[in-house]
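1. generate a structure from the sequence data that follows.
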Amino acid sequence: MISFEIIIIFGVLVLFFGLPIMVKSINYPASFHFSPLAQKSLPIEIREYFRLKKEELGGRGFYLVETFQVPEIENTNYSQVYNHGQGHIATLSVIIHSEKDQRQYYTEFLTQFEAGPTLITKSSSSFDMFYQPAGIFSVNYYKLKGTQSLYERHQALLSRFDQDALKYRSIPDNNLLPFLEGIQQQILEYQQARGVLKLDETTHKLRASYRLVLSILSHFLSLIDIDTTPRMKIGAFIFGFLTLVAAEFLSSVWIGGSEEQSLMLRFILGALFITGGGLTGSLFLRKSVPWSALSGMIPTGYIILTRPDFFLIVFDVFMLYILGGWFGNRLKIFRNMEGEIENLLIPGSALAIVLFIFLVSG
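-> Here you go, the predicted structure:
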């Protein structure tokens, strides 16, 4: 029998040994300086990328203020900052990893209220690592490339704040770069205060400590998010309960029958948990995995309590529920928010492998 216990043990080893090793290799500049750059000095392909994005942002009322670089970043980088008459700021960045000639695209919308709170809505291929300073709300929609979709998400998140009590702060064009530098510096200084980053006196760079692992895990596991509504939370529990009801009905006809019937019932049970997880994951644009895990505890917990003869498959179907949530989340982004097909490959492949193991382990 193939057991998922081996997979979970391997995952724990990677988490507690591999992640800290990776973290210790991370370093940051002690400060960022945004240096203006002439557009004519940009490579042709970068210039064309910015031209297309300028048209998209222009349709939303944004206008280009400055093209700049961050010299402290080791990789070649180009950025543009846009302003908006209503107080919003947009930043586009391209980072070129010279060793792989790989381009990393980054889009960010920022709005600061006069009373202090700052909302940053971004689309980065890097996962969230840092703690958020008080008053800064940063939301990352992983690898979401559509500028229009990201701006719509930014506007939706702004509506969560008290619009009557809070007004947007308008930043003058000539102060945009210093303002953005100040935001970045505030974030870095807060990480130093939390012990996540420490200054290396020899290199004068900020090196990550093992506490960064805790920060990464807190981002991944947190169920408290500005973009998670009560309706979404209730929906997660509803899908978990519906899966429980369907699984209970299926379990009543599980015992007995031929080997072919048992295989078919096992396949239906697996598909049921994948569907429940997929529907749960589709509710959330972020944090779909922890929410799917919480939702999946409802039917799997019930099975543990009421059907001890099913105990050995509980972890199996629980993993199917979680992976179904991950795939459902990626599918929603792919269909509705200009995601990429590659975003489906990893969760889809993992789901297929786990389903195969579940079927043959019976």
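2. can you give me the strands for the stretch 201-350 of the chain?
-> For the stretch 201-350 of the chain, the strands defined by DSSP state E, counting those that start in this stretch occupy 205-208.
3. in it, where is pLDDT below threshold?
-> 253-261, 309-312, 335-340 (pLDDT under 70).
4. show the backbone phi and psi for F68.
-> phi -150, psi 170 (degrees, to the nearest 10).
5. ok, what's across the strand from it?
-> Applying DSSP bridges to F68 gives these bridge partners: P36, S79.
6. who's in contact with the residue nearest to the spatial centre of the chain?
-> Central residue of the chain (Cα atoms, centre = their mean): Y142, 4.3 Å from the mean position. Contact analysis of Y142 by Cβ atoms under 8 Å, 6 or more residues apart in numbering lists S123, S124, S125, F127, R286. Just so you know, the C-beta spots here come from the backbone N, C-alpha and C atoms, and that holds for glycine as well.
7. check contacts around the third one.
-> Under the criterion of Cβ under 8 Å, 6+ apart, the neighbours of S125 are Q104, Y105, Y106, Y142, K143.
8. just checking, the third one touches I120?
-> I take that to be Y106. No. With contact defined as Cβ atoms under 8 Å, Y106 does not count as touching I120 (11.8 Å).
9. the two: which is more packed in?
-> For Y106 versus I120, the count of surrounding residues by other Cβ atoms under 10 Å is larger for I120: 21 against 16.
10. next secondary structure element downstream of the helix or strand where the more buried one lies?
-> If you go by DSSP states H and E, I120 is part of strand 118-123. Counting by DSSP H and E, the next helix or strand C-terminal to strand 118-123 is strand 136-140.
11. which strands and helices sit next to that following strand?
-> strand 118-123, helix 147-158, helix 176-193 (3 or more Cβ pairs under 8 Å, 6 or more residues apart in numbering; DSSP states H and E).
12. distance to P347 added to those, as TSV?
-> Listed next are these as TSV, based on distance: least, Cβ to Cβ, whole Å:
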stretch	distance to P347
strand 118-123	18
helix 147-158	20
helix 176-193	30
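13. and these, which is most packed in?
-> Per-stretch averages of neighbours, counted by mean count of other Cβ atoms under 10 Å, single out strand 118-123 among the helices and strands packed on strand 136-140, with a mean of 22.
14. which secondary structure elements does that strand contact?
-> Looks like strand 118-123 contacts strand 102-112, strand 136-140, helix 147-158 (3+ Cβ pairs under 8 Å, 6+ apart).
15. hmm, 10 Å instead?
-> strand 88-97, strand 102-112, strand 136-140, helix 147-158, helix 176-193 (3 or more Cβ pairs under 10 Å, 6 or more residues apart in numbering; DSSP states H and E).
16. including distance to I226, could these go into TSV?
-> Listed next are those as TSV, based on distance: least, Cβ to Cβ, whole Å:
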stretch	distance to I226
strand 88-97	17
strand 102-112	13
strand 136-140	5
helix 147-158	6
helix 176-193	17
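17. out of those, which comes closest to G235?
-> For G235, the closest of the helices and strands packed on strand 118-123 is helix 147-158, at 17.0 Å, according to Cβ to Cβ.
18. was I right about A350 contacting G325?
-> No. Applying Cβ atoms under 10 Å as the test, A350 and G325 come out as separate, 11.8 Å apart.
19. so those two - more neighbours on which side?
-> G325 (32 against 15).
20. what's the closest non-adjacent residue to the more buried one?
-> S292 (2.6 Å; Cβ to Cβ, 6 or more residues apart in numbering).
21. OK, contacts around the residue lying closest to L150 once chain neighbours are set aside?
-> Sequence neighbours aside, S123 is the residue nearest to L150 in space, at 5.2 Å (criterion: Cβ to Cβ, 6+ apart). Shown in contact with S123 (Cβ atoms under 10 Å, 6 or more residues apart in numbering): 105-109, 139-147, 149-150, 153, 337-338.
22. same question for K287.
-> H219, F220, L221, S222, L223, I224, D225, D227, T228, M232, G281, N329 are the contacts of K287 under Cβ under 10 Å, 6+ apart.
23. any idea how far G296 is from it?
-> 14 Å (Cβ to Cβ, to the nearest Å).
24. cool, I313 as well?
-> Counting by Cβ to Cβ, the gap from I313 to G296 is 13 Å.
25. okay, and the common contacts of those two?
-> L320.
26. neighbour-wise, which of those two wins?
-> The neighbour count for I313 versus G296, taken as other Cβ under 10 Å, is higher for G296 (27 against 21).
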